[in-house]
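> This is a predicted model, with the sequence first.
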Amino acid sequence: MKPRVYIDTSVVGGCFDEEFAAWSLKLFDEFRAGSKTAVVSDLTRRELEGAPKNVKDVLLSLPEGNIENVFLSDEAEQLASHYLTNGVVAEKHIADAQHIAIASVERVDVLVSWNFQQIVNLDRIHAFNAVNLILGYPMLEIRSPREVAYEKNV
């Protein structure tokens, strides 16, 4: 079974960032090839609405069969609010908490992000997972695309 990889907005935009492009593009190549499934939320799509056309086109380049669409459900919103009340992230970073919550509720294999301050941060990963375990959700793997994309000629 191919891995289900939740991508946040930073991974899409990373395709056009000098520091992150090689790894974001490699991951999207793997989605296109069908070796991984891109899990894309309505939250990610909303965040991309104001992005330049070339950034939006990254998602459009993926075959429909290699994308799984997920949504910010009431359950995910409640989980995100638990992250806030437990001090994992501040209110101003609610969208980051919502990405984690959607991925947790959907039980994806891994969430990838280039957001090292609020998401791909060892202390926060432990804190997100502590809340998940207390509330009966499994631990969520949180990585950068560099840790998830198959390293071959990158």
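Perfect, thanks for sending it.

> Going by C-alpha atoms from here, please, whenever you check contacts or count neighbours.
Fine.

> Could you list the buried residues of stretch 127-145?
For stretch 127-145, a neighbour-count test (16 or more other Cα atoms under 10 Å) marks 127-132, 137-145 as buried.

> Narrow the residues you listed to those in helices?
Where the buried residues of stretch 127-145 overlap with helices, as defined by DSSP state H, the overlap consists of 127-132, 145.

> Same list (those) but as TSV, adding distance to residue 58.
Conversion of these to TSV gives the following (distance: Cα to Cα, whole Å):
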residue	distance to residue 58
127	31
128	29
129	30
130	34
131	33
132	31
145	15
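
> if you average pLDDT over stretch 15-32, what comes out?
Taken as a whole, stretch 15-32 has a mean pLDDT of 97.

> Equivalent analysis for stretch 113-126, please.
Computed over stretch 113-126, the mean pLDDT rounds to 97.

> ok, residues contacting that stretch?
Contacts to stretch 113-126, defined as Cα atoms under 8 Å, 6 or more residues apart in numbering, come from residues 7-11, 14, 20, 88-89, 93, 96, 142-145.

> again, but for stretch 70-86
Stretch 70-86 has contacts (Cα under 8 Å, 6+ apart) with 39-43, 89-91, 94, 97-98, 100-102, 104-106, 128, 131.

> let's go with 6 Å and repeat that
41-42, 97-98, 101-102 (Cα atoms under 6 Å, 6 or more residues apart in numbering).

> Report the buried members of these.
By neighbour count, with 16+ other Cα under 10 Å, the contacts of stretch 70-86 hold 41, 97-98, 101-102 as buried.

> got those residues as JSON lines, with distance to residue 65 columns?
Shown next, in JSON lines, are the buried ones among the contacts of stretch 70-86 (distance: Cα to Cα, whole Å):
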{"residue": "41", "distance to residue 65": "15"}
{"residue": "97", "distance to residue 65": "27"}
{"residue": "98", "distance to residue 65": "25"}
{"residue": "101", "distance to residue 65": "24"}
{"residue": "102", "distance to residue 65": "20"}
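
> now the helices for this structure?
Secondary structure of the chain, counting by DSSP H: helices at 9-13, 21-33, 42-47, 53-60, 74-85, 94-105, 122-134, 145-148.

> in the last one, what counts as buried?
The neighbour-count criterion (16+ other Cα under 10 Å) identifies 145-146, 148 as the buried residues of helix 145-148.

> Low-confidence bits of this structure, can you list those?
The model of the chain has pLDDT under 70 over residues 151-154.

> Thanks a lot, see you next time.
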